[in-house]
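# Requesting a structural model of the entry that follows:
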Amino acid sequence: MTTSVSINANELAQQIKAWGQELGFQQVGITNVDLGEHGERLQEWLKKDYHGEMFYMADHGDKRYRPEKLVPDTLRIITVRMDYMPPEIETLKILNSPNQAYISRYALGRDYHKLMRKRITQLGKKIEAAVGHFGYRAFVDSAPVLERGLAQKSGQGWIGKNAMLINPKAGSYFFLGELFTDLPLPIDEPFEEMHCGSCRACLDFCPTGAIVDNHIVDGRKCISYLTIELKGSIPEDLRPKMGNRIFGCDDCQLCCPWNKFSKPTAESDFTPRHHLDSATLIELFSWDEQTFLSKTEGTPIRRAGHERWLRNIAVGLGNAPSNENIINALNSRLDFESELVHEHVVWALDQHKLKNKIQVSNATR
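From the prediction side, this is the model:
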């Protein structure tokens, strides 16, 4: 139950937004708990099994789209966004260099979860200092929360054809977070329209065709799912389409015209670590588990684990142009203790046998 000093709700809402910007958020919005339309879309998505092995998306009943059930007495959700793209970072150049490893740009620096949750909690404490004790709880992709739906409802942007939240002044290279609260704050106007028009760049450029309709992604085909969420074997028909993408995928954002308005992050914690923005596949494939754990400490990449890290890179090496160094690197992992890694290494070596056979065939014509 809220116990607050006398304060004008509209003035408080404006102060909250100012505090949010002081804490490093590029925008702060406020919305209510009504997620009816977004909840219906989630249920339809789940019925089609588009979540694959992301079973957590179906857990928790209706709490994901009934915020007041997740945190009782919640009346409003304060949403925040924070830019993450490091300045002067190469993207397309790396994607077009098949011997280099492409890691989704959000994952190159410090894991955003703790950083943002700490800042959102600080925002809650600032509000508490102004109004007295009240109920609040911070979330950053850490609970069953429909963050993009809440962000859209609070005026942060619209959900584009690629299912990403797009802001007309900032594109889509940003993280989202929420502060659930029992304060009866005034709410912001939502983005009712999707301003993608006739553009279908994200649908056309998705390497695996994972975007099956406007703002509907078949997660089972998405490279981010395949390299991060999927625990077992990557389907063979999708491996060649992954190219050199070893952790996540940015293609549907890189081709989005709205990202010409994106701004580089001012957060030094999102600066790439250990040259992960420009490392070669062979270099990363040589990491033993201890090196992997050391160099990915505090980053989102740690979530994949060493085994899946090698699985993903083996696919990347299989897609790279054939040369002796790549084949030697793959052979060095043939006896790796993991059957999952072994399977993908064998597949990669078979790709090079096929490439070399084609080259010999062409040379004898």
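
# C-alpha only now, for contacts and for neighbours.
OK.

# separation between the residue nearest in space to the middle of the chain and L12?
Among the residues of the chain, the one closest to the centroid is Y106, at 6.8 Å (C-alpha atoms, centre = their mean). The gap separating Y106 from L12 is 32 Å, by C-alpha to C-alpha, to the nearest Å.

# returning to what we had before: tell me the pLDDT at the closest residue to the residue nearest to the centre of the chain other than its chain neighbours?
Using C-alpha to C-alpha, 6 or more residues apart in numbering and skipping the chain neighbours, the partner closest in space to Y106 is Y84 (6.1 Å). Model confidence at Y84, given as pLDDT, is 97.

# coming back round to it: could you pull up phi and psi at the residue nearest to the centre of the chain?
In terms of degrees, to the nearest 10, the main-chain angles of Y106 are phi -70, psi -20.

# ok, back up a step: tell me the contacts of the residue nearest to Y106?
Counting by C-alpha atoms under 8 Å, 6 or more residues apart in numbering, Y84 makes contact with 106, 173-175, 264-265, 267, 270.

# Kindly recompute the last result at 7 Å.
Contacts for Y84 (C-alpha atoms under 7 Å, 6 or more residues apart in numbering) come out as 106, 173-175, 264-265, 270.

# Which of those fall within strands?
Assignment to strands by DSSP state E places the following of these there: 174-175.

# would you turn the contacts of Y84 into a markdown table with distance to L35?
Shown next, in a markdown table, are the contacts of Y84 (distance: C-alpha to C-alpha, whole Å):
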| residue | distance to L35 |
| --- | --- |
| Y106 | 27 |
| Y173 | 24 |
| F174 | 22 |
| F175 | 20 |
| P264 | 31 |
| T265 | 30 |
| F270 | 31 |
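
# and which of the contacts of Y84 is nearest P144?
Nearest to P144 among the contacts of Y84, counting by C-alpha to C-alpha, is F175 at 16.1 Å.

# thought the closest one was touching V80?
No - in this structure F175 lies outside contact range of V80 using C-alpha atoms under 7 Å: 8.2 Å.

# what's the spacing between T79 and W158?
Taking C-alpha to C-alpha, one finds T79 at 14 Å from W158.

# Between the two, tell me which one has more neighbours.
Shown here are T79 and W158; by other C-alpha atoms under 10 Å, T79 has more neighbours (30 against 24).

# Specify the beta-bridge partners of that one.
Under DSSP bridges, the beta-bridge partners of T79 are G29, E178.

# re earlier: looking at F175 and V80, which one has more neighbours?
Applying other C-alpha under 10 Å to F175 and V80 shows that V80 carries more neighbours, namely 28 against 19.

# Hmm, the more buried one is touching F180, no?
No - between V80 and F180 there is no contact, the gap being 11.5 Å when judged by C-alpha under 7 Å.

# re the thing from before, could you measure from the residue nearest to Y106 over to S154?
20 Å.

# How about P168?
14 Å.

# who's more crowded, the two?
Using other C-alpha under 10 Å as the criterion, P168 and S154 rank with S154 on top: 23 against 15.

# contacting residues for that one?
S154 neighbours (C-alpha under 7 Å, 6+ apart): 29-31, 79, 188-190.

# And for L95?
By C-alpha under 7 Å, 6+ apart, the neighbours of L95 are 102, 244.

# could we number from 651 for the rest of this?
Sure thing, new numbering starts at 651, so read that last one as L745.

# Now do it against I976, distance only.
The value you get for L745 to I976, if C-alpha to C-alpha is used, is 18 Å.

# What of I777?
Distance from I777 to I976, by C-alpha to C-alpha: 56 Å.

# Kindly report the same for G869.
30 Å.

# Same question for R895.
According to C-alpha to C-alpha, R895 and I976 sit 16 Å apart.

# So for these two, which residue has more residues nearby?
Neighbours were counted for R895 and for I976 using other C-alpha under 10 Å; R895 has more, 26 against 21.

# Now do the same contact list for that one.
751-753, 966.

# list the contacts for A964?
994-995, 998.

# Now intersect those with the helices, please.
Those of these mapping onto helices are 994-995, 998, per DSSP state H.
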